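Fold the following, please.
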Amino acid sequence: TKLYDKEDAAGTLNETKYLQFGDLFVNVKYKEKGNLDSAAMASYTLKAADAFKKAFGKNDKQSLAAFNVGVIYYTIFSDYDDKYSSNIRTMQQLNSNKPVEKDPRKKAAADAKFKEQLDPLKQANAALDKPLTESIDQAIDWLTKSYTILKDKADRTNVEKSVINKAVDFLTNLYSYKRDKARAKDPKAFDLYEAKFKEFDALHGKF
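Numbers count the residues shown, from 1 in each chain. Model (predicted):
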């Protein structure tokens with residue numbers, strides 16, 4: 001990372017070197033998974049995204065770089081969503097197991113104790129909302145870039161065929177998530193995400 005930061009600041013990295021550094025950071029993250037704490041893992045993930053973004057900046061036809069950034073943010077989104085969903089399940093379990101206190105003298109204290117258990121989970125999910133939304137939007141943006149580059153290309157390589165098919169499937173999942181979040185809350189957004197979901201879902205395996 002020090003070498004990357006030094007050469008990046010000096011402006012000596014070209015498209016190929018940015019791609020190589022991105023691959024290196026991704027592979028280090030996976031190879032050292034058992035030896036890295038969560039902060040170090042996150043640092044390598046973001047370094048990889050930065051390198052791939054800058055490779056794309058050198059060549060805006062670099063579909064693989066855009067795809068890699070999209071996958072990184074898709075993974076970040078999935079991690080946030082897992083935490084969010086886990087908190088919801090815990091809250092549901094707490095609600096289903098909430099004891100019924102019939103004694104009015106004890107009810108206020110029981111409710112306060114229950115609130116003490118529930119509030120930290122609600123606060124945790126409120127704090128997750130912004131980074132979750134940002135990561136899903138970044139994933140959509142970069143995966144769409146990759147898809148757009150490749151969709152009209154006549155002579156796709158096998159790697160490019162794999163990239164565009166995966167991009168389509170990831171975008172289908174992401175728009176499905178956004179659609180379901182908007183359901184019964186924002187009809188206009190729901191219709192937009194539903195249309196995007198159908199667009200990409202219809203493209204499954206087409207490339």
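
residue ranges for the strands of this protein, please.
Assigned by DSSP state E, the chain shows no strands.

middle-most residue in it, spatially?
By CA atoms, centre = their mean, the chain has its centre lying nearest to F77, at 2.4 Å.

roughly how far apart are it and V28?
Per CB to CB, to the nearest Å, F77 is found 22 Å from V28. Yep, even glycine has a C-beta here, placed from its N, CA and C like the rest.

surely the residue nearest to the centre of the chain meets A139?
Yes. Contact status for F77 versus A139: in contact at 5.6 Å, counting by CB atoms under 8 Å.

what is in contact with those two at once?
Counting by CB atoms under 8 Å, 6 or more residues apart in numbering, the common neighbours of F77 and A139 are L174.

longest helix of the protein?
Identified as the longest helix of the chain according to DSSP state H is helix 104-151.

For that helix, which helices and strands make contact with it?
Contact analysis of helix 104-151 by 3 or more CB pairs under 8 Å, 6 or more residues apart in numbering; DSSP states H and E lists helix 63-96, helix 158-182 as its packing neighbours.

Next one: the residue nearest to the centre of the chain from N68, what distance?
Taking CB to CB as the measure, F77 falls 15 Å from N68.

what does E134 give?
Taken as CB to CB, the span from E134 to N68 is 18 Å.

If you count surrounding residues, which of the two has more?
Per other CB atoms under 10 Å, whichever of E134 and N68 has more neighbours is N68, with 25 against 14.

wait, doesn't that one sit right on K54?
No. N68 is beyond contact range of K54, at 11.8 Å (criterion: CB under 8 Å).

what residues are shared contacts of those two?
In contact with both N68 and K54: no residue, using CB under 8 Å, 6+ apart.

any low-confidence regions in the protein?
33 (pLDDT under 70).

Return the backbone torsion pair for L13.
Main-chain dihedrals, L13, degrees, to the nearest 10: phi -90, psi 130.

need the contact list for it.
By CB under 8 Å, 6+ apart, the neighbours of L13 are Y4, E7, F21, K54.

Now the second one. Nearest residue, chain neighbours left out?
Closest residue to E7 in three dimensions, ignoring its sequence neighbours and counting by CB to CB, 6 or more residues apart in numbering: L13, at 5.1 Å.

Check the last one too.
The spatial neighbour of K54 that comes closest, neighbours along the chain excluded (CB to CB, 6+ apart), is Y18 at 4.7 Å.

Quick check: the one you found touching A49?
No. If you go by CB under 8 Å, Y18 and A49 don't touch, sitting 11.3 Å apart.

More neighbours: which of these two?
A count of neighbours by other CB under 10 Å puts Y18 above the other of Y18 and A49, at 25 against 22.

For that one, which residues are in contact?
Counting by CB under 8 Å, 6+ apart, Y18 touches A51, F52, K54, A55, K58, A65.

What about the residue nearest to K107 when sequence neighbours are not counted, how many residues nearby?
Residue nearest to K107 in three dimensions, not counting chain neighbours: E101, with 4.6 Å by CB to CB, 6+ apart. By other CB under 10 Å, the residues close to E101 number 15.
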